[in-house]
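Q: Predicted model, plus sequence, below.
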Amino acid sequence: MNINENFLKLEDSYLFSTIAKKVAKYQQENPDRKIIKLGIGDVTRPIVQKVIEAMHKAVNEMGTSEGFRGYGPEQGYEFLRNTIVKNDYKNLDIEADEIFVSDGAKCDCGNIVDIIGNDNKIAITDPVYPVYVDTNIMAGRKENIVYLPVLEENNFVPVLPKERVDIIYLCFPNNPTGVGIPKEELKKFVDYAKENKAIILYDAAYEAFITEENIPHSIYEIEGAKDVAIEFRSFSKTAGFTGLRCAYIVVPKNVFGYTKQGEKVSLNKLWNRRTTTKFNGVSYIIQKAAEAIYSEEGKEQVKNNINYYLENAKIIKDGLTKAGFTVFGGVNSPYIWLKTPNNMKSWDFFDLLLEKANVVGTPGIGFGSCGEHYFRLTAFGTKENSIEAIDRMLLDNGLSSNMLSKH
Ligand code: MLT
C-alpha cells in the first residue's frame with residue numbers, strides 16, 4: 001500500500017507532543033523537582049456543579065426505557081443547537097440548522113479541509129495554532145499556503161494578504177499571542193473576503209475571555225460576515241470541557257464555494273453531507289452537559305472560572321512586566337505572550353526556564369517563524385502555581401531581562 005506522502009512533509013512531532021516528551025524526560029532525570037506546567041492550554045478548574053448535575057440526570061435517563069437514546073442527530077440535538085443560537089448568537093441572525101455540534105474545535109478545524117478544493121490558496125497567520133497548517137499539509141496543500149505575518153509593530157493584527165487567496169484562517173482572541181482583534185480591523189478581512197470571493201475560517205475558541213468592549217465575540221458581529229465566514233467555537237476553554245469534549249461550528253447557509261465551472265455550492269450543505277457520513281454525533285450526556293452551561297446558574301458558575309483564569313493572567317502579566325519583560329495578551333485571553341530576554345531563541349528560553357525555574361511554557365517558534373524570540377505562558381494553571389511560577393522566574397536565576405542584561 002502507498003502512504004499519503006504529504007505526512008512526510010510535516011514536522012516529526014506535533015508541538016505539544018514534543019514539549020510533553022521533553023518535560024517527561026526532564027522529570028525522569030530530576031524526580032525531586034516540582035514542575036509547573038504552563039505550556040499546553042489545558043484547564044485545571046473542576047467542571048461546575050450545574051454541568052455535573054445535568055450529566056448525572058442524563059446518565060440516569062439513559063438507564064430507563066423511556067429515557068434511553070441510541071444514535072442522536074449527527075448535527076447535534078435540537079435542544080443544544082437552539083440554546084446555542086438563543087445565547088451565543090442573540091440578534092446575530094444565525095439559525096439552528098447552521099450549528100453543527102462536535103467533539104472539539106481541534107477536530108472541526110482539521111476536518112474542514114475535507115470540503116475545500118485542492119488548488120485553493122490558503123492564508124494562515126504566523127505565528128499560529130499549528131493545526132491549521134498541519135491539516136492543510138496532510139491534505140496536500142503545503143505549497144498553497146501563504147503566511148500572513150503577525151508582528152508586534154502592527155499590534156499583532158495580521159496584515160491582509162498581498163495576493164489573492166481563497167481561504168483565510170483567523171483566530172481571535174489569538175492563540176498564541178493572546179491579543180484580541182478590534183472590530184474595524186476584522187472588518188478589513190471581511191471586506192477582503194467579499195471582494196475576493198474568499199472564505200474566512202474564524203476560530204473563536206477563546207471568546208469567553210474577552211473583557212474589552214471593542215473586541216468582537218463572534219465574526220458575525222461584523223457586517224457581511226454571514227456571507228463569507230465559518231466560525232469555530234468550543235466549550236473546552238469556556239467551561240472546562242477539555243476532557244468532556246464538546247464544541248460546535250457555525251456554517252451559515254449564505255456561505256458559498258464554487259465548482260471549477262463557476263457553479264455556486266452551499267458550504268452548509270457540503271458540511272452537512274460530510275458530517276452525516278463521517279460522524280455519529282456527540283453523546284447525549286455531553287450535549288446535556290453543554291446545555292447546562294447556558295442556564296442562569298451555569299453561566300454564573302462558568303464565569304467564575306473564567307475570572308479565576310483571567311486573574312492568573314493578570315498575576316503572570318504584572319509580575320513579568322515588573323521584572324522588565326515585554327509582555328502582551330492576557331487581557332482578552334488566557335495566553336500571555338512575552339519577548340524572550342536578550343533576543344534569546346525561544347527553544348533556548350524553554351530549556352532555561354525548565355532547568356532554572358522548573359516552569360514549562362511554549363516556545364514561540366513552535367507556532368511559526370514569526371514566533372521566534374517569543375514565548376507563551378498559559379493562565380489555565382492554578383492560582384498557587386501561577387504565583388509560584390512567577391516567583392521562581394523572578395528569582396536571581398538569570399531569567400528576567402534585568403538579570404540577564406546585568407550579567
Ligand atoms: C494550546 O495550548 O494551544 C491549545 O490547548 C491546544 C488546543 O486547544 O488544542
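A: Structure's in. What do you need? Numbering: from 1, shown residues only.

Q: quick one: what helix or strand has residue 21 in it?
A: If you go by DSSP states H and E, residue 21 is part of helix 15-29.

Q: I should have written residue 194 there, sorry.
A: Counting by DSSP H and E, the element that carries residue 194 is helix 183-196.

Q: Give me the sheet partners of the following helix or strand past that helix and which way each runs.
A: Toward the C-terminus, helix 183-196 is succeeded by strand 199-203 as the next helix or strand (DSSP H and E). Partner strands and pairing direction for strand 199-203 (DSSP bridges) are strand 167-171 (parallel), strand 229-234 (parallel).

Q: Dump the shortest one to PDB, keeping only the CA atoms.
A: Yep, that's strand 167-171 we're talking about. Extracted in PDB, the C-alpha atoms of strand 167-171 (Å, rounded to 0.1, in the frame of the first residue of the first chain):
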ATOM      1  CA  ILE A 167      -9.300  30.800   2.400                       C
ATOM      2  CA  ILE A 168      -8.100  32.800   5.400                       C
ATOM      3  CA  TYR A 169      -7.700  31.300   8.800                       C
ATOM      4  CA  LEU A 170      -8.100  33.700  11.700                       C
ATOM      5  CA  CYS A 171      -8.100  33.000  15.400                       C
END
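
Q: residue contacts, residue 109?
A: By C-beta atoms under 8 Å, 6 or more residues apart in numbering, the contact list for residue 109 reads 129, 131, 132, 135, 201, 203, 232. From N, CA and C alone the C-beta is placed, and that goes for glycine too.

Q: let's see 6 Å
A: Residues near residue 109 by C-beta atoms under 6 Å, 6 or more residues apart in numbering: 131, 232.

Q: The ligand versus that one, what's the distance?
A: For residue 109, the distance to the ligand equals 9 Å [C-beta to the nearest ligand atom, to the nearest Å].

Q: if we can go back for a sec, can you lay out the strands paired with strand 199-203 as a markdown table showing mean pLDDT?
A: Formatted as a markdown table, these follow (pLDDT from 0 to 100):
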| stretch | mean pLDDT |
| --- | --- |
| strand 167-171 | 98 |
| strand 229-234 | 98 |
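
Q: Report how many residues lie close to the residue of the stretch 151-300 of the chain found nearest the ligand.
A: Distances between the stretch 151-300 of the chain and the ligand by C-beta to the nearest ligand atom are smallest at residue 175, namely 5.0 Å. The tally of other residues near residue 175 (other C-beta atoms under 10 Å) stands at 26.

Q: So it: helix, strand or coil?
A: Following DSSP: H, G, I helix; E, B strand; the rest coil, we place residue 175 in the coil state.

Q: how close does it get to residue 4?
A: Note on residue 175: its distance to residue 4, by C-beta to C-beta, to the nearest Å, is 27 Å.

Q: for residue 393, same thing?
A: Per C-beta to C-beta, residue 393 is found 42 Å from residue 4.

Q: what does residue 34 give?
A: Relative to residue 4, and taking C-beta to C-beta, residue 34 is found at 42 Å.

Q: tell me the mean pLDDT over stretch 5-21?
A: Taken as a whole, stretch 5-21 has a mean pLDDT of 91.

Q: Find the nearest non-adjacent residue to the residue of the stretch 151-300 of the chain closest to the ligand, please.
A: Once flanking residues are discounted, residue 175 sits nearest to residue 129: 4.8 Å by C-beta to C-beta, 6 or more residues apart in numbering.

Q: before we move on, back to that, between residue 393 and residue 4, which one's more packed in?
A: The neighbour comparison of residue 393 against residue 4 (other C-beta under 10 Å) goes to residue 393, with 24 against 9.

Q: what helix or strand is that one on?
A: helix 383-394.

Q: Could you do residue 320 as well?
A: Secondary structure assignment for residue 320, by DSSP H and E: helix 296-322.

Q: does that helix come close to the ligand?
A: No. For helix 296-322, no contact with the ligand is found by C-beta under 6 Å from any ligand atom; the gap never falls below 12.6 Å.

Q: The protein against the ligand: which residues are in contact?
A: Taking C-beta under 6 Å from any ligand atom as the contact definition, the chain meets the ligand at 40, 41, 42, 106, 129, 175.

Q: Try it again at 5 Å.
A: Counting by C-beta under 5 Å from any ligand atom, the chain comes close to the ligand at 40, 41, 106, 175.

Q: Between these, which sits nearest the ligand?
A: Nearest to the ligand among these is residue 41, at 3.2 Å by C-beta to the nearest ligand atom.

Q: so when I look at the closest one, I'm seeing a helix, right?
A: No. Under the criterion used here (three-state DSSP), residue 41 is coil, not part of a helix.

Q: show me what contacts the nearest residue to it once chain neighbours are set aside?
A: Leaving aside its sequence neighbours, residue 41 sits nearest to residue 378 (C-beta to C-beta, 6+ apart; 4.8 Å). Taking C-beta under 6 Å, 6+ apart, we find residue 378 in contact with 38, 41, 334, 335.

Q: per-residue confidence at the third one?
A: We note a pLDDT of 98 for residue 334 in this prediction.

Q: and if you look at the one 3 residues further on?
A: The pLDDT attached to residue 337 in the predicted structure is 98.

Q: Surely it forms part of a strand?
A: Yes. Residue 337 sits within a strand when classified using three-state DSSP.

Q: Hmm, it is touching residue 329, no?
A: Yes. Contact criterion C-beta atoms under 6 Å: residue 337 and residue 329 qualify, at 4.6 Å.

Q: got any residues that touch both of those two?
A: Jointly contacting residue 337 and residue 329 under the rule C-beta under 6 Å, 6+ apart are 177, 178.

Q: thinking again about what came up before, for the contacts of residue 378, which one is nearest the ligand?
A: Distance to the ligand, by C-beta to the nearest ligand atom, is smallest for residue 41 among those, at 3.2 Å.

Q: Now do the strands in the stretch 1-150 of the chain.
A: 36-37, 99-102, 122-126, 145-149 (DSSP state E, counting those that start in this stretch).

Q: in which helix or strand would I find the closest residue to residue 340 other than its chain neighbours?
A: Excluding its sequence neighbours, the residue lying closest to residue 340 (C-beta to C-beta, 6+ apart) is residue 349, at 4.3 Å. Following DSSP H and E, one finds residue 349 within helix 346-357.

Q: mind giving me the domain ranges of this structure?
A: Split into domains by automatic domain parsing, the chain comes to 5-45+297-400, 49-295.

Q: any idea how far residue 151 lies from residue 317?
A: Using C-beta to C-beta, residue 151 is found at 20 Å from residue 317.

Q: Before I go, just wanted to say thanks for your time.
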